[in-house]
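Student: Task: produce atomic coordinates for the following.
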Amino acid sequence: MLQVRKSQERGYADHGWLRSFHSFSFAGYYDPAHMGFGNLRVINEDRVAAGAGFGTHGHKDMEIISYVLSGELAHKDSMGNVESIPPGDVQRMSAGRGVMHSEFNHKADQTTHFLQIWIEPNVRGIAPGYEQKNFTEAEKRGRLRLVASPDGADGSVLLHADAHLYAGLLDGDEKAQLALDPKRKSYVHLVRGELEVNGQKLGGGDAAMLEGESQLTLGGGKDAEVLVFDLAA
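Tutor: Numbering: from 1, shown residues only. Reported below is the predicted structural model:
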């Protein structure tokens, strides 16, 4: 079974300095039909205005991934990490038993566009942790590159969660396939462009939710950037 959710069906919040689309219920957006998918709890597509950002705030027992699309995101946390996250980097923060952090766009003339992703952990109360790695366009071109996994396979960032995350860039005749476990769930988020997912056409911001499927086939891309989640049911 494959269900498509269009970009315009997402929740939306405009705070002036922050414009955010919510794939699942978050903050002031509540939809009982979209509380998450498997152990995927949050995908927020955020645009942070120049010179603005999220002040220091806390998280607990959540695996948090930041995926920057344009601009840069400055990160500072209670573990002592002070980092800048550019496009191509995948940042994973394990909140564990508690962490404080802030995120900021220091550019004076550029919006930071990024995805904030939360995945429910399979272990709680651990020491908080941080990891950040770069994945080049060449690694993602015409294929699905594993960027986050429970065992850090293939140089991916390590998740304390039963989930795998893949990133791909597809255009023209390029195709990518992924074998799926029908007993698990898969979530496809099209970051930008156009793409066919098992024959269904998606546009930027659209998502496909798959259950009971054994194969994922991506093709017909037009400047497409896509994230694919393999998730616990």
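Student: And the helices in the chain, which stretches?
Tutor: Ranges of helices in the chain, per DSSP state H, are 137-140.
Student: Quick check, central residue of this structure?
Tutor: Nearest residue to the geometric centre of the chain (CA atoms, centre = their mean): I117, 4.4 Å.
Student: Looks like that one contacts M62 (just checking).
Tutor: No - in this structure, I117 sits apart from M62 without contact. The criterion is CB atoms under 8 Å, and the distance is 10.1 Å. Using the backbone N, CA and C atoms, a C-beta is placed for each residue, glycine as well.
Student: So what pairs up with the residue nearest to the residue nearest to the centre of the chain when sequence neighbours are not counted in the strands?
Tutor: Nearest-residue entry for I117: I65, 4.1 Å, with adjacent residues in sequence omitted and distances by CB to CB, 6 or more residues apart in numbering. I65 forms beta bridges with R92, I117, as assigned by DSSP bridges.
Student: Quick one: residues contacting I65.
Tutor: Contacts for I65 were tallied using CB atoms under 8 Å, 6 or more residues apart in numbering; they are V90, Q91, R92, M93, L115, Q116, I117, W118, I119, A148, V157, L165.
Student: picking that back up, starting from W17, give me the distance back to the residue nearest to the centre of the chain.
Tutor: As for I117, its distance to W17 is 21 Å (criterion: CB to CB, to the nearest Å).
Student: Next: E45.
Tutor: 15 Å.
Student: Between the two, tell me which one has more neighbours.
Tutor: A direct count of neighbours by other CB atoms under 10 Å for E45 and W17 places E45 higher, at 22 against 14.
Student: My read is that the more buried one contacts L115, right?
Tutor: Yes - at 5.7 Å, E45 and L115 qualify as touching, with contact defined as CB under 8 Å.
Student: list the contacts for K201?
Tutor: For K201, the contacting residues are E194, L195, G220, taking CB under 8 Å, 6+ apart as the criterion.
Student: Now do the first one against H106, distance only.
Tutor: E194 sits 33 Å away from H106, going by CB to CB.
Student: Next, the distance between the ends of stretch 190-207.
Tutor: Its start and end residues considered, stretch 190-207 measures 6 Å (CA to CA, to the nearest Å).
Student: Name the residues of it that come out as buried.
Tutor: Of the residues in stretch 190-207, 190-197, 202, 204-207 count as buried by neighbour count, 16 or more other CB atoms under 10 Å.
Student: now do stretch 55-66
Tutor: Of the residues in stretch 55-66, those buried by neighbour count under the rule 16+ other CB under 10 Å are H59, D61, M62, E63, I64, I65, S66.
Student: State the pLDDT value of the third one.
Tutor: M62 carries a pLDDT value of 98.
Student: Isn't it up against W118?
Tutor: Yes - under the criterion of CB under 8 Å, M62 is in contact with W118, at a separation of 5.2 Å.
Student: shared neighbours, those two?
Tutor: Overlap of the contact sets of M62 and W118 (by CB under 8 Å, 6+ apart) consists of R41.
Student: ok, which pair from the buried residues of stretch 55-66 is furthest apart?
Tutor: Distance extremes for the buried residues of stretch 55-66: the farthest pair is D61 and S66 at 17.8 Å, using CB to CB.
Student: How about residues contacting stretch 214-228?
Tutor: The contact list for stretch 214-228, computed with CB under 8 Å, 6+ apart, reads 67, 69, 115, 140, 144, 165-182, 186-199, 201, 210.
Student: Can you identify the strand in this protein that spans the most residues?
Tutor: As far as residue count goes, and with DSSP state E defining each element, the longest strand of the chain is strand 215-231.
Student: So for that one, what gets flagged as buried?
Tutor: The neighbour-count criterion (16+ other CB under 10 Å) identifies 216, 218-221, 224-231 as the buried residues of strand 215-231.
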